[in-house]
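Peer 1: here is the input, now give the coordinates:
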Amino acid sequence: MKRPSNGQITVFKLAVSVILLCTFEGCRGQENPRHIGARYGRFDLDKITFSEHLDTLFARAEKYYKMPKGTEVFDSKLGRYVLTDTLYSVYRIPAKNVTEGTYSFKTLRIQPREVVDFYADRLNKFRKAEVSVYMSTKEYAQLRADCKDFKNITTTSVNKLNNGKYQIFQDTDQKNQVQTTLYCLENTDTAEGERFFVRISRLDLKIRNDGFYKQLNDNLK
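Peer 2: This next block holds a predicted model:
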């Protein structure tokens, strides 16, 4: 048998390295599309791992905002408040630039009018995602079925204050250190057919000792 050349051996080693790297990345990589946009596939908030890079996710968006948030002081010369320290930033695609099929949460299809916010800390690390959704009784029943393992963490005082129409459900993935919280309000004053208003929050728990977590965590105060 002919002995392979040094060049062939190098190519073989390189191919094996690429395969191993892809396998490793696949094990810990994201299940969602690399970029946000309906043409890349539906982005499921429930599949967020927080290993994603927001600049990459939004790189192909037609338009998006990155809004710094933090400490503001009033500048008398300018006659307005100015930001003096950035605690976090919010990435957001305006509703008018979102098309059908861009976002979902489990089986819930999030409509373009419902803005999804992505939060990054001061080091631009992805830490939280959030969306508020109006839904019908049928959609709400399906959401609750999808989240049947979530724990009801509504306090007695909150329940009493809202006549039992505001409930909070939460699930913590201890292995991956990710927490998902549903803030659910039954509201008969909304548009016909949209009886429930739900805020869905997904939070990275890997860092809990900084200003970002202190201000934006989903713990009940």
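Peer 1: show me the strands in this structure, by range?
Peer 2: Applying DSSP state E to the chain gives strands spanning 43-44, 65-75, 80-92, 103-105, 108-110, 116-121, 126-135, 151-152, 166-173, 178-186, 196-204.
Peer 1: as TSV, these with mean pLDDT would be great.
Peer 2: Output for the strands of the chain, formatted as TSV (pLDDT from 0 to 100):
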stretch	mean pLDDT
strand 43-44	98
strand 65-75	81
strand 80-92	83
strand 103-105	98
strand 108-110	97
strand 116-121	97
strand 126-135	96
strand 151-152	96
strand 166-173	96
strand 178-186	96
strand 196-204	97
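Peer 1: which stretch among the ones you listed comes nearest Phe212?
Peer 2: Closest to Phe212 of these, according to C-beta to C-beta: strand 116-121, at 4.4 Å. No exception for glycine: its C-beta is placed from N, CA and C like everyone else's.
Peer 1: who does that closest one touch, helix- and strand-wise?
Peer 2: helix 54-57, strand 80-92, strand 126-135, helix 211-216 (3 or more C-beta pairs under 8 Å, 6 or more residues apart in numbering; DSSP states H and E).
Peer 1: kindly confirm whether my reading is correct that Tyr134 touches Arg199.
Peer 2: No - counting by C-beta atoms under 8 Å, Tyr134 does not reach Arg199; the two are 10.9 Å apart.
Peer 1: look at these two and report which has more neighbours.
Peer 2: More crowded of Tyr134 and Arg199, by other C-beta atoms under 10 Å: Tyr134, with 18 against 15.
Peer 1: and for Phe74, the neighbour number?
Peer 2: By other C-beta under 10 Å, neighbour count at Phe74 equals 9.
Peer 1: what sits closest to it if chain neighbours are left out?
Peer 2: Leaving aside its sequence neighbours, Phe74 sits nearest to Tyr81 (C-beta to C-beta, 6 or more residues apart in numbering; 5.3 Å).
Peer 1: what does Met67 give?
Peer 2: Here the residue nearest Met67, using C-beta to C-beta, 6+ apart, is Val90, at 4.7 Å.
Peer 1: separation between the one you found and Thr155?
Peer 2: 28 Å (C-beta to C-beta, to the nearest Å).
Peer 1: looking at the two now, which is surrounded by more residues?
Peer 2: Val90 (15 against 11).
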